[in-house]
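>>> Build me a structure from this.
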Amino acid sequence: MRTKMITTMLGIALLAAAPVAPAFGFGGRGGGPGMMGGAGPAAGMPIRLLVAQFTPDQRKQARQIFAANRTQMRSVAEQLHQAHDALATKMFTAGTVTDADLAPLVQQVATLHQQLLTQGTKVMLQVRAIATPDQLAKAATTKAKMDDLHQQMRALLGTPSDEDVPPPPE
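Have a look, this model is predicted:
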């Protein structure tokens, strides 16, 4: 029971700390127009690789696509941030907290994540439609090389095991 609660608390903490505002790139960390942010080392990479191949005219078109979607994406990202905060707050309230108490908040987070993913995919497809076949091929080649580098890094560094994670304070 204690392990399940600790695991649940860690999961909720990770959800609450997730960098959601820059999801699919609209004004996030270091991401200019057309740069997708998000979690993980490769999040947003496909669009960056593609936009890097664009001509100035194509970049202008991409910026227009991003601008047209920015307000909606930011609104959903803000709602998601608020939902994460509500979930984290609920987890640390006094008294017993059950799965049933958290279920509506978890569902809200899942729904908002899905909205961001769906809208971000639509934006990516619009940006992708601007690219030429040659640009797509170059971006795919670069992505394959980067995937290979990530694999090499994992092979060199290994993956963390449960023993590498310090126990929670008591």
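
>>> Moving C-terminal from the lengthiest helix in the chain, which element do we reach first?
Counting residues, the longest helix found in the chain (DSSP state H) is helix 56-91. Later in the chain than helix 56-91, the nearest helix or strand by DSSP states H and E is helix 99-128.

>>> residues of that following helix that come out buried?
By neighbour count, with 16 or more other Cβ atoms under 10 Å as the criterion, the buried positions of helix 99-128 are 102, 105-106, 108-109, 112-113, 115-116, 119-120, 123-124, 126-127. Where you see a C-beta, it was placed from the backbone N, CA and C, and this is true even at glycine.

>>> Out of those, which comes closest to residue 73?
Nearest to residue 73 out of the buried residues of helix 99-128 is residue 119 (Cβ to Cβ; 6.0 Å).

>>> excluding its backbone neighbours, what's nearest the closest one?
What sits nearest to residue 119 in space, not counting adjacent residues and going by Cβ to Cβ, 6 or more residues apart in numbering, is residue 73, at 6.0 Å.

>>> how far off helix 99-128 does the longest helix of the chain point, in degrees?
Taking axes from the mean of the first three to the mean of the last three Cα atoms, to 10 degrees, helix 56-91 and helix 99-128 form an angle of 180 degrees between their directions.

>>> Identify each buried residue in helix 56-91, please.
Across helix 56-91, burial judged by 16+ other Cβ under 10 Å covers 58, 61-62, 65-66, 69, 73, 76-77, 79-81, 83-84, 87-88, 91.

>>> Next: stretch 135-155.
By neighbour count with 16+ other Cβ under 10 Å, stretch 135-155 contains the buried residues 135, 138, 139, 142, 143.

>>> with those in mind, which one is nearest to residue 98?
residue 143 (43.4 Å).

>>> So the closest one is in contact with residue 46, correct?
Yes. Counting by Cβ atoms under 8 Å, residue 46 is a contact partner of residue 143 at 6.4 Å.

>>> next one: stretch 70-78 to chain centre, how far?
The gap between the average C-alpha position of stretch 70-78 and the chain average comes to 14 Å, counting by Cα atoms, centre = their mean, to the nearest Å.
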